[in-house]
Structure formats: structure tokens, C-alpha cells
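# here's my sequence, what's the structure:
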Amino acid sequence: MKRSGIVSIIITCVILVVVIGGFAFFLSHKSRTSGEEAVESTAVQKVLQKDLERNYPPTPKEVVKYFAEITKCFYNEEYSEEELEKLATQIQVLYDEALVANKSEDDYMQDLRSEIASMKENKYTIVGYEVSPSTDVEFFTENEESCARLYCNFYVKQGAGNVPSLEQFVLRKDEAGHWKIMGWDLVNK
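As a prediction, this is how the structure comes out:
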């Protein structure tokens, strides 16, 4: 009797372990089998997911960071023609209306394609960037409009070496309170 009681306890424990283990396995694999397999987004898709109408970057620093992310996509990533046009549209949302008015849409796209082709032909990639700390953003007023000046250091790789490319950005606050890029210029030539 004692021996059969011990055997039945062992069998019950083994059954419980198998049931609990099977249930845990089922739960951990349920999401994979019940629907679509998880697909990783590309860098381009991640950048394009940002809804600037609802979630516009709140500070000059965040605007320049998002600009840098789009710029990295232009020069580093593979994308379709449709994605290129969406990236171009997305980056222009960051631009001040005066900057956008400088070129027609066709001229802008032609210049952008040419610049991207040149960077890729010369095997340049942007390996990283660093935007000025928030404490280093210079706020000023010009023609009664709020403006900001800050820097972004792009680290450009060609071959085995990295070359820093320091850019100065000037932004202006629009009527909706969004910081828009008025322009940028290379600081170190």
C-alpha cells in the first residue's frame, strides 16, 4: 500500500509537471501560431510611422533629431520609390514654409535624388549623429519671431574612416507653435 501510494504521487506529480509545462509552452507560442508572424520594421518604416500631425517634435532639438533620422534613411537604407517620396514629404513637414517655397516639388525631388545618388556612389554612409544638448540651444528673437540655433554633428563614413560633419541649424516657431527648420549650413568645411 505504501509503495503504490508513493508511485501514484510520483505519477500525479509527473502528470502535473507535463500539464503545466505544456500549458506554459502553449502560452509562449500562442501569439506566433494564432496570427501573423512578427515582422520587423525597417528603419525607413519606423521613421515613416511617426504621425507629425498628432505628434510633432516639441523642441528644436527633437526636430533636428528627427531630421537626422530621415537623413540617415536617405543615405543608408534601401527603399522603394514610394517610400522615398514619403520620406521627402515627411522631412518637408519639418521645414519652414519659406524654405519649402524656395523650390518646386519637382526640383526638390530631382535635387534630392541627385544628392542621394552622389552619396551612395561615393560610398558615404551616416553612422551616427549627435545633436546639441538642450542647454546649448540658443533661443533668440528676430523680426518679433521666436527662433533657435543649434548644432548637429553627423558622423559620415567613407571607407575605413569616419569624418565628423558639423551642421548649424536655424529654426523658427510657426503660428501653430511648431519649430520649423529655416535652414542649415556646414560649419567645418
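# over to Gln110. Which of the three states is it?
Following DSSP: H, G, I helix; E, B strand; the rest coil, we place Gln110 in the helix state.
# ok, it to Glu78 distance?
In this view, Gln110 and Glu78 are 21 Å apart by Cβ to Cβ, to the nearest Å. Backbone N, C-alpha and C define where each C-beta goes, glycine included.
# what segments of this structure are strands?
124-131, 138-142, 145-158, 161-173, 179-186 (DSSP state E).
# low-confidence stretches in this protein?
The model of the chain has pLDDT under 70 over residues 1-39, 188-189.
# let's see it at 50
Where the chain drops to pLDDT under 50, the residues are 33-34.
# and the helices in this structure?
For the chain, the helices defined by DSSP state H cover 2-34, 43-48, 60-76, 81-93, 97-100, 105-121.
# off-centre distance for the fifth one?
Averaging C-alpha coordinates over helix 97-100 and over its chain gives two centres that are 23 Å apart (Cα atoms, centre = their mean, to the nearest Å).
# kindly report the same for the third one.
Averaged C-alpha coordinates place helix 60-76 at 7 Å from its chain's average position (Cα atoms, centre = their mean).
# could I get the contacting residues of Thr42?
When contacts are counted by Cβ atoms under 8 Å, 6 or more residues apart in numbering, Thr42 touches 77, 79.
# what's the spacing between it and Lys50?
Using Cβ to Cβ, we find Thr42 at a distance of 14 Å from Lys50.
# same check, this time on Glu121
29 Å.
# okay, those two: which has more neighbours?
Lys50 (15 against 8; other Cβ atoms under 10 Å).
# thinking again about what came up before, which one of the strands of the chain lies closest to Asp96?
Minimum separation from Asp96 across these (Cβ to Cβ) falls at strand 179-186, 4.0 Å.
# I would like the residues contacting the closest one, please.
Counting by Cβ under 8 Å, 6+ apart, 57, 59-60, 63-64, 67, 94-99, 147-148, 152, 165-174 sit against strand 179-186.
# hey, what's the nearest residue to Glu130 once chain neighbours are set aside bridged with?
Using Cβ to Cβ, 6 or more residues apart in numbering and skipping the chain neighbours, the partner closest in space to Glu130 is Asn153 (4.7 Å). Counting by DSSP bridges, Asn153 forms beta bridges with Glu130, Leu166.
# sorry, back to before: so for Gln110 and Glu78, which sits in the more crowded spot?
Just comparing Gln110 and Glu78: by other Cβ under 10 Å the higher neighbour count belongs to Gln110, 12 against 9.
# follow-up on the earlier one: now, of the contacts of strand 179-186, which are buried?
Neighbour counting by 16 or more other Cβ atoms under 10 Å classes 57, 60, 63-64, 67, 94-96, 99, 147-148, 152, 165, 167, 169-173 among the contacts of strand 179-186 as buried.
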